[in-house]
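Asker: need coordinates for the below:
(chains A and B)
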Amino acid sequence: MSEIIIETSNLTRKYGTKLSVNQLNLRVPKGSIYGFLGPNGAGKTTTIRMLLGLIRPTSGQIRIFNQEIAKHRINILRRTGSLVESPSYYGHLTGYDNLHVVAKLLKVPVKRIDEVLEIVRLTPAAKQTVKGYSLGMKQRLGIATALLGNPDLLILDEPTNGLDPAGIHEIRALIKDMPTQHGITVVVSSHLLSEIDQMATHVGIIDHGQLLFQDSIGKLREQSAPLLVIKVDKPDEAQQWLQANGYQVIIDGDLLQLSNIDVETTKSINKQLFQAGFSVYHIKEHRRSLEDIFLDYVGKEGSL
Amino acid sequence: MLVVLIGFVIPRNLGPSSHEWSWLVLYSAMVQIYAIVLLPMVAGILASLCCRGEHLGSGWKQLLALPVSRTVVYLSKFFYTLLFLALVQGLVLVAVLVDGFLFLHLTAPIPWQMLIKGFIAGWIATIPLAALQLWVSTWWKSFGAPFALNIILTIPALAISNSSSYAPIYPWAQPMLAMRPTKNGLLDVTPETMITITIAGITFIIGGWLHFIKRDV
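Answerer: Here you go, the predicted structure:
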């Protein structure tokens, strides 16, 4: 197991009597792109605000870089870059000047400004005032701001919200480069699974303040292994017969479902059922998309 | 700017004179309206302006997610509010002088001591107000709400400042009392006024600061 960058234990936040975040145990490994996934209002932003020390947890603890945030907030923030919602700027200043303000606060050398502008490919627009920036450029400037202090950890809350496909693509490419090119661990929240699927190495799914799944994206994909769905005339008997022959079968209405089946097995099951006197009406492979799995976790009412 | 302009207009009808009291008359007339209405409002507006950038978009989140302590952020805002307030006081002082020389052609010597004392005392007396305004300005997202509160609290000062028993304990009447030309005490204010300013000032500064470092962003 690699080093853990963010670790929360039983992190809880109440607003009045409503539990916004409930007993959250996050584990973000070093060098990962951690996709923090959940429908709107699931508690993602609340969690991120707690990670950045903007609000206090009702109970539970947060450790970042192995330090307690309640005690070492400034130390942790010095190594963390963040982008929360749509960033605001001084519209009358240029992109460069906006970065200069933050660079002064962070006490980083001025030449770092050029470096981060280069990373987000804003160098040509550096001398324009931010008023004239497109949403995508503003978002990139936000990422540049987050990168200014040479962070080890980047926390991005819905960085692609409101962007057009080209903008989304650019941001995604930027995020993907972070661990490999700059050694930065990234936490990125989104309500879109497809988003996370295309860049994350690890996933945490949250809904109603609770963490429903947390592991590598590979583990999530395993759950999308295909199912073999068979429709026969006597499903109950067929299920018993198949189980007696050593197959794992679940029955769903009048359909039989078998998991982890390859083509050869499918052929032989079909043949055996026929020989045993069952009429097979229909046999097909059903592949569940990640979307289906996600919806299973958050319930169908979850907005996507 | 508005303050300075009004400063020009008000005392025109007070009768030019080269009498040694003429500066005092001019000063009193200008300060009358300025200290009681405009100065408290300006204090509120400046405090709100200092927080405006952060209320737009998600500025507070962005700022406070940087490795800066909240105490430093709050105190800097407070410092700048007071700095600009001092600047406004300076401008009004200039307005009094310009008015005296250019429009009323006063020939009497300028009572520097009285003027400077008055403006410094007025500035100090406005500190509690500014502190309260900064508190609510960092707290409330809207630009209008702190302004409305400010006006609601300022209007009674018009009446209260004439009452000798309540005026010294009502913070919004303090700038008026402090800037009114009298011969009492340190920087021309009575001890009651001084105590009110100190207590109200400390309460509002500490209240606003504690609230700011503890609150949700």
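Asker: tell me which other helices or strands the helix or strand of chain A with the lowest mean pLDDT touches.
Answerer: Every helix and strand of chain A was ranked by mean pLDDT, DSSP states H and E. The lowest is helix A:290-298, at a mean of 79. Counting contacts by 3 or more CB pairs under 8 Å, 6 or more residues apart in numbering or on different chains; DSSP states H and E, helix A:290-298 packs against helix A:193-199, strand A:202-207, strand A:210-216, helix A:217-222. Any C-beta I mention is one placed from the backbone N, CA and C, and that applies to glycine too.
Asker: could you rerun that using 6 Å?
Answerer: Identification of packing neighbours for helix A:290-298 by 3 or more CB pairs under 6 Å, 6 or more residues apart in numbering or on different chains; DSSP states H and E yields helix A:193-199.
Asker: which other residues reach the helix it packs on?
Answerer: Identification of contacts with helix A:193-199 by CB atoms under 6 Å, 6 or more residues apart in numbering or on different chains yields A:33, A:35, A:37, A:172, A:175, A:176, A:190, A:290, A:291, A:294.
Asker: stretch A:280-294 now?
Answerer: By CB under 6 Å, 6+ apart, stretch A:280-294 touches A:193, A:197, A:223, A:224, A:226, A:227, A:229, A:230, A:231, A:232, A:270, A:273.
Asker: which SSE is the fourth one in?
Answerer: Assignment of secondary structure by DSSP states H and E places residue A:224 within no helix or strand.
Asker: run a quick neighbour tally on it.
Answerer: 14 (other CB atoms under 10 Å in any protein chain shown).
Asker: next one: the third one
Answerer: Counted with other CB under 10 Å, the neighbours of residue A:223 add up to 15.
Asker: how much space between the residue nearest to it when sequence neighbours are not counted and chain B?
Answerer: If the residues on either side of it in the chain are set aside, residue A:223 comes closest to residue A:293, at 5.2 Å by CB to CB, 6 or more residues apart in numbering or on different chains. Per CB to the nearest CB, to the nearest Å, residue A:293 is found 32 Å from chain B.
Asker: how about the helices in chain B?
Answerer: For chain B, helices defined by DSSP state H occupy the ranges B:2-9, B:22-33, B:39-55, B:59-64, B:70-98, B:112-139, B:144-160, B:174-179, B:191-214.
Asker: of all the ones you listed, which lies closest to chain A?
Answerer: helix B:59-64 (4.4 Å; CB to the nearest CB).
Asker: chain center to that closest one: distance?
Answerer: Chain-centre distance of helix B:59-64: 28 Å, with CA atoms, centre = their mean, to the nearest Å.
Asker: elements contacting that helix?
Answerer: helix B:39-55.
Asker: angle of the helix it packs on against helix B:112-139?
Answerer: 40 degrees (axes from the mean of the first three to the mean of the last three CA atoms, to 10 degrees).
Asker: what average pLDDT does helix B:39-55 get?
Answerer: Taken as a whole, helix B:39-55 carries a mean pLDDT of 85.
Asker: does it reach chain A?
Answerer: No. Helix B:39-55 is not in contact with chain A by CB under 6 Å from any CB of the partner chain; minimum separation 6.9 Å.
Asker: for stretch B:99-107, list the C-alpha coordinates in CSV.
Answerer: The C-alpha trace of stretch B:99-107 is given here as CSV (Å, rounded to 0.1, in the frame of the first residue of the first chain):
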residue,chain,number,x,y,z
ASP,B,99,-13.6,76.8,1.4
GLY,B,100,-12.2,79.3,3.9
PHE,B,101,-9.6,80.7,1.5
LEU,B,102,-11.2,80.5,-1.9
PHE,B,103,-14.8,81.1,-1.3
LEU,B,104,-15.0,83.0,2.0
HIS,B,105,-11.7,84.7,1.7
LEU,B,106,-11.0,84.4,5.4
THR,B,107,-8.1,86.4,6.6
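Asker: around chain A, pick out the residues from chain B.
Answerer: Close to chain A, as judged by CB under 6 Å from any CB, chain B has residues B:56, B:57, B:58, B:59, B:61, B:62, B:64, B:65, B:66, B:67, B:216, B:217.
Asker: which non-adjacent residue is nearest the first one?
Answerer: The spatial neighbour of residue B:56 that comes closest, neighbours along the chain excluded (CB to CB, 6+ apart), is residue A:88 at 5.4 Å.
Asker: what pLDDT does the closest residue to chain B within the stretch 1-150 of chain A get?
Answerer: Proximity to chain B, evaluated over the stretch 1-150 of chain A using CB to the nearest CB, is greatest for residue A:88 at 2.5 Å. pLDDT recorded at residue A:88 is 76.
Asker: quick check: the gap between it and residue A:176.
Answerer: Separation of residue A:88 from residue A:176 (CB to CB, to the nearest Å): 26 Å.
Asker: out of these two, name the residue with the larger neighbour count.
Answerer: Neighbours were counted for residue A:88 and for residue A:176 using other CB under 10 Å; residue A:88 has more, 21 against 16.
Asker: correct me, but the more buried one touches residue B:59?
Answerer: Yes. Between residue A:88 and residue B:59 there is a contact under CB atoms under 6 Å: 4.6 Å.
Asker: can you say which of the contacts of stretch A:280-294 are buried?
Answerer: Burial by neighbour count, judged by 16 or more other CB atoms under 10 Å in any protein chain shown, picks out A:193, A:197, A:227, A:230, A:231, A:232, A:273 from the contacts of stretch A:280-294.
Asker: where's the dip in pLDDT among these?
Answerer: Among these, residue A:227 has the lowest pLDDT, at 81.
Asker: report how many residues lie close to the nearest residue to it once chain neighbours are set aside.
Answerer: Spatial nearest neighbour of residue A:227, excluding adjacent residues (CB to CB, 6+ apart): residue A:286 at 4.6 Å. Look at residue A:286: counted by other CB under 10 Å, it has 11 neighbours.
Asker: kindly state the pLDDT recorded for residue A:117?
Answerer: 92.
Asker: apologies, that question was intended for residue B:103.
Answerer: pLDDT recorded at residue B:103 is 71.
Asker: can you report how many residues lie near it?
Answerer: So residue B:103, with other CB under 10 Å, has 14 neighbours.
Asker: what do you get for residue A:162?
Answerer: Neighbours around residue A:162, by other CB under 10 Å: 13.
Asker: make sure it is indeed in a helix.
Answerer: No. Counting by DSSP: H, G, I helix; E, B strand; the rest coil, residue A:162 is not part of a helix but coil.
Asker: find the nearest non-adjacent residue to it, please.
Answerer: In space, residue A:162 is closest to residue A:135, 5.9 Å off (CB to CB, 6+ apart).
Asker: of the residues of chain B next to chain A, buried ones?
Answerer: B:57, B:58, B:59, B:61, B:62, B:64, B:65, B:66, B:67, B:217.
Asker: give the buried residues for stretch B:157-174.
Answerer: So, applying 16+ other CB under 10 Å, buried residues of stretch B:157-174: B:157, B:160, B:161, B:167, B:168, B:170, B:171, B:172, B:173, B:174.
Asker: please name the nearest non-neighbouring residue to the first one.
Answerer: Think residue B:157. residue B:172 (3.9 Å).
Asker: ok, back up a step: burial count for the residue nearest to residue A:223?
Answerer: Neighbours around residue A:293, by other CB under 10 Å: 18.
Asker: ok, the lengthiest strand in chain A: who's next to it in the sheet?
Answerer: Counting by DSSP state E, the longest strand found in chain A is strand A:4-15. Paired strands of strand A:4-15, with direction, are strand A:18-24 (antiparallel), strand A:27-29 (antiparallel), strand A:59-64 (antiparallel) (DSSP bridges).
Asker: doesn't residue B:193 make contact with residue B:168?
Answerer: Yes. The criterion here is CB under 6 Å, and residue B:168 meets it with residue B:193 at 5.0 Å.
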